[in-house]
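Okay, structure incoming, though there's no sequence with it:
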């Protein structure tokens, strides 16, 4: 995956033959994420995102690491997300961790300018949901 990192944001593009990004976390950020996970929230670090798939204009799935997939729900619609070859995730929480919808926004390049699409929901998919999603894309 082609990935470049800015402060608390990650842009990535679908490309063949490039390596995924290695994570770099601080102890404070990890402790915040661990506390959120204890509360039942599902968290991921934006620097570990290695790919994405737009399900529709309101839903995006991001791959974290090699196999973990999170589904992100977007406020309203993000019109050009279905056509974009790259998308950015900007953490709005003050750290690189996304634990709830209000912790992130998608940044989508478009012909009319950059679209910022606030995320309202974050949920880790089960292995069965991931396989079903991949199977539906193969059809």
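Alright, I've got the coordinates. Since this is a predicted model, take the numbers as computed values, not measurements. Numbering: from 1, shown residues only.

what about the strands in this protein?
Applying DSSP state E to the chain gives strands spanning 2-6, 9-13, 44-45, 49-56, 59-64, 68-74, 86-91, 97-98, 104-108, 115-124.

which of those strands sits most buried?
Per residue and on average, the most neighbours among these fall to strand 97-98, with a mean of 28 (mean count of other C-beta atoms under 10 Å). (C-beta placed from N, C-alpha, C; glycine too.)

Can you name every helix or strand that that one contacts?
Counting by 3 or more C-beta pairs under 8 Å, 6 or more residues apart in numbering; DSSP states H and E, the packing neighbours recorded for strand 97-98 are helix 27-38, strand 44-45, strand 86-91.

wait, isn't residue 57 in contact with residue 84?
No. At 11.0 Å, residue 57 and residue 84 do not qualify as touching, with contact defined as C-beta atoms under 8 Å.

For these two, indicate the residue with more neighbours.
Legend: neighbour count by other C-beta atoms under 10 Å for residue 57 and residue 84, higher for residue 84 (20 against 15).

quick one: the more buried one from residue 115, how far?
With the distance defined as C-beta to C-beta, to the nearest Å, residue 84 ends up 9 Å from residue 115.

who's in contact with the residue nearest to the spatial centre of the chain?
With distances taken as C-alpha atoms, centre = their mean, residue 62 lies nearest the centre of the chain, 4.2 Å away. Neighbouring residues of residue 62 by C-beta atoms under 8 Å, 6 or more residues apart in numbering: 44, 49, 51, 52, 69, 70, 72, 89.

ok, the fourth one touching residue 63?
Yes. The criterion here is C-beta under 8 Å, and residue 52 meets it with residue 63 at 7.1 Å.

Dig out what residue 73 forms beta bridges with.
residue 59, residue 121 (DSSP bridges).

need the strands of the chain in CSV with distance to residue 132 and mean pLDDT, can you?
Listed next are these as CSV, based on distance: least, C-beta to C-beta, whole Å; pLDDT from 0 to 100:
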stretch, distance to residue 132, mean pLDDT
strand 2-6, 27, 37
strand 9-13, 23, 46
strand 44-45, 20, 94
strand 49-56, 12, 91
strand 59-64, 11, 94
strand 68-74, 11, 95
strand 86-91, 22, 91
strand 97-98, 23, 93
strand 104-108, 23, 93
strand 115-124, 15, 93
